[in-house]
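In: the following comprises the amino acid sequence and a computationally predicted model.
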Amino acid sequence: MFNKAAVFTDIHLGMKGNSRVHNHDCENYIDWYIEQAQANKCETGIFCGDWHHNRNSLNLTTMDTTIKLLEKLGNGFDKFYMFAGNHDLYYKDKRDVKSTEFAKHIPGITVVDEMQVIEDVALVPWLVGDEWRRIEKLQAKYLFGHFELPSFYMNAMVQMPDHGELKSEHFKNQEYVFSGHFHKRQKQGKIHYIGNAFPHNYADAWDDDRGMMILDRENNAEPEYINWPECPKYRTVKLSQLIDEQESLIKPNMYLRVNLDIDISYEEASFIKETFIDRFGCREITLIPQKQLEEINTDLDITQFESVDQIVSKEIQSIDTDSFDKKLLLDIYNELV
């Protein structure tokens, strides 16, 4: 199927309300990805799901960006394979309608609609119904998919609870399993979560290990990860730390959430935001008063958390009830932020 493949996942075009900034990041990322793939002599590209973010509709500007990027990918490789993640599907329980269907009409792009084994490589889109039962029977050294497995981290803050039918032990007949879906790069045994293409929000704060993976199948080599050095970065810091370490801490295109551990006036807050944005090229600086953090839960020792996201996630997970799905609440919260 391939000698050497360049692999990435979870780019989520159209995220943040079809943000032009996010879609432009996607364009810059794809240019970098193709450049790295060609420099490393990868003749094949593989995308492991969640090309689009909104599963209900597609904005025209996002569609325009999608077509341009897929044409680049089709021209950049001998073959480029892609399959659907959960965000690419209109229905949760079937793959009949997906936002990437039209990509099969773009030269060089192969859209994988169903489980497929080519030589010793399996390609598996987001599983629906009882398809998970077929995983144990798949015979392939390498398996690429978009799986939701327990005990792995969804992001830096939230670990997947032990629920759902598919488990790590079902991958009996593979030596390597590469998956999209969870945005944190991580590995347990034979299972590798590649991580999203680049950080998307504060759930990815302080975790810049994002980019792409190269798999040299011809030489039976271990997977190699390459980080995108120009990726947008997210940081949560205290104001005192920001003042003391501004030169080393702040980078261009950075999003900063600053906890105000020092009392400042409105005028000083405005000056800080304008100065750091102009001087360092930050995209966004959000100042969070200490009182606002304390009001979330006065019984919490907030010094143990780095951000509001961590506090909210921790509180949701700690609720003892069967009345609602905690994972769904976390998903809703992550969508909002």
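Out: Perfect, I can see it now. Here the structure is a predicted model, which is why all the values come from computation and not from measurement. Numbering: from 1, shown residues only.
In: any stretches of this structure with poor pLDDT?
Out: For the chain, the stretches with pLDDT under 70 are 291-327, 331-337.
In: centroid residue for it?
Out: Residue closest to the average C-alpha location in the chain (CA atoms, centre = their mean): residue 196, at 2.8 Å.
In: is it true that it touches residue 22?
Out: No: Residue 196 is beyond contact range of residue 22, at 11.9 Å (criterion: CB atoms under 8 Å). Yep, even glycine has a C-beta here, placed from its N, CA and C like the rest.
In: overlap in contacts of the two?
Out: residue 12 (CB atoms under 8 Å, 6 or more residues apart in numbering).
In: ok so, going back, what secondary structure does the residue nearest to the centre of the chain sit in?
Out: coil (DSSP: H, G, I helix; E, B strand; the rest coil).
In: gap between it and residue 103?
Out: From residue 196 over to residue 103 the distance is 19 Å, taken as CB to CB, to the nearest Å.
In: how deep is the residue lying closest to residue 163 once chain neighbours are set aside tucked in, by neighbour count?
Out: Nearest residue to residue 163, sequence neighbours excluded (CB to CB, 6 or more residues apart in numbering): residue 150, at 6.6 Å. Residue 150 has 13 neighbouring residues, counting by other CB atoms under 10 Å.
In: next one: phi and psi at residue 150?
Out: Backbone geometry at residue 150, expressed as degrees, to the nearest 10, gives phi -70, psi 160.
In: I'd assumed residue 164 was in contact with it.
Out: Yes: assessed by CB under 8 Å, residue 150 is found in contact with residue 164 at 6.6 Å.
In: now the helices for the chain?
Out: Counting by DSSP state H, one finds helices in the chain at the ranges 15-18, 20-39, 60-76, 239-244, 246-249, 266-280, 290-296, 308-318, 326-336.
In: quick one: residue 23 from residue 77, how far?
Out: Counting by CB to CB, the gap from residue 23 to residue 77 is 22 Å.
In: straight-line length of stretch 249-263, end to end?
Out: Stretch 249-263 stretches 21 Å from its first residue to its last (CA to CA, to the nearest Å).
In: what sits against residue 99?
Out: 51-52, 54-55, 58, 88-90 are the contacts of residue 99 under CB under 8 Å, 6+ apart.
In: ok, now with 10 Å
Out: Neighbouring residues of residue 99 by CB atoms under 10 Å, 6 or more residues apart in numbering: 13-14, 51-58, 62-63, 66, 84, 87-90.
In: and what of residue 242?
Out: Contacts of residue 242 (CB under 10 Å, 6+ apart): 235, 249-250, 256, 258-259, 261-262, 272, 276, 285.
In: how's this structure carved up into domains?
Out: Here the domain parsing of the chain from automatic domain parsing is 4-227, 233-336.
In: pick the most deeply packed of those.
Out: domain 4-227 (a mean of 18; mean count of other CB atoms under 10 Å).
In: good, we can wrap up now.
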